[in-house]
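Colleague: Sequence first, predicted model second:
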Amino acid sequence: MSASRTARERVRAELIHEITETARRHLATDGATGLSLRAVARELGMVSSAIYRYFPSRDDLLTALITDGYNAVGEVVERADAECRPGDHGARWLAVCRAIREWAVAHPHEYALIYGSPVPGYEAPQDTVPAALRDTIVFARIVTEAHEAGELDPPAGLPPAPASIEADLARGRAAVTMNVPDDVAARALMAWAGLYGTVSFELFGQFETVVENRIGYFDHTVTTLGRLIGFRF
């Protein structure tokens with residue numbers, strides 16, 4: 001019975017993999033709003049009723065794709081950070097930023113699914129949160145370790161974080177275990193938003209006819225954002 005169950009589980013996992021891979025190709029041609037379980041089933045040669053045994057609705061398939069996307073970003077970020085010298089916090093920040101951009105450029109439709117416009121009528125469940133936080137947890141760890149080592153040296157004259165966002169910063173720190181003061185947390189959040197904003201501008205066409213050397217501009221941007229946090233380069 002155990003061997004039979006294992007075989008069934010393996011077949012099920014392989015079929016789920018085929019379904020999600022096919023769905024990713026459909027994202028490239030139809031977008032998230034055009035994703036159809038029936039179309040995916042048709043391409044796989046399945047009757048439409050069979051696919052519902054694996055994904056009861058389009059939203060369930062979207063959730064799987066979104067979770068996979070977040071996990072893929074988390075994996076490349078964790079790998080990039082692990083390849084750096086632990087004490088070189090600035091290099092770790094740059095490595096993480098470059099890993100995110102490289103993944104996004106290689107997987108633009110998956111990036112758009114998780115960081116682009118919301119899919120009408122779809123609300124991501126809480127199940128996606130752990131995967132969504134993987135990259136942010138790495139980033140928070142880099143900033144926290146740099147702060148604890150006394151190595152953050154931000155530019156002079158920056159305004160302090162206002163009291164009006166204290167609750168927001170506290171909530172964000174708690175979510176990713178970021179043990180730093182408000183001023184550091186606020187600058188880190190600005191940099192994180194700036195990183196993803198820059199990647200999104202590139203992927204969604206806002207740099208067309210404006211920035212030709214995308215890699216050069218990106219490196220300058222994330223280095224500047226790193227200096228805002230206080231990293232030394």
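Modeller: That came through, no problem.
Colleague: for the chain, what are the low-confidence residue spans?
Modeller: Regions of the chain meeting the criterion pLDDT under 70 cover residues 1-5.
Colleague: quick one, longest helix in it?
Modeller: Secondary structure of the chain read by DSSP state H shows that its longest helix is helix 2-30.
Colleague: Which other helices and strands does that one contact?
Modeller: In this structure, helix 2-30 packs against helix 37-44, helix 58-82, helix 108-115, with contacts taken as 3 or more Cβ pairs under 8 Å, 6 or more residues apart in numbering; DSSP states H and E. For glycine as for every other residue, the C-beta is placed from the backbone atoms N, C-alpha and C.
Colleague: wait, which of the ones you listed is closest to Ala131?
Modeller: Within those, the stretch nearest Ala131 is helix 58-82; the backing value is 3.7 Å (Cβ to Cβ).
Colleague: Show me which positions of the next helix or strand after that closest one end up buried.
Modeller: Note on helix 58-82: by DSSP states H and E, the next helix or strand toward the C-terminus is helix 89-106. Of all the residues in helix 89-106, those buried under the rule 16 or more other Cβ atoms under 10 Å are 89-101, 103-104.
Colleague: for stretch 12-27, same thing?
Modeller: So stretch 12-27, judged by 16+ other Cβ under 10 Å, has buried residues 15, 19-20, 22-24, 26-27.
Colleague: and if you look at stretch 221-233?
Modeller: Buried positions in stretch 221-233, judged by neighbour count with 16+ other Cβ under 10 Å: 221-223, 225-231.
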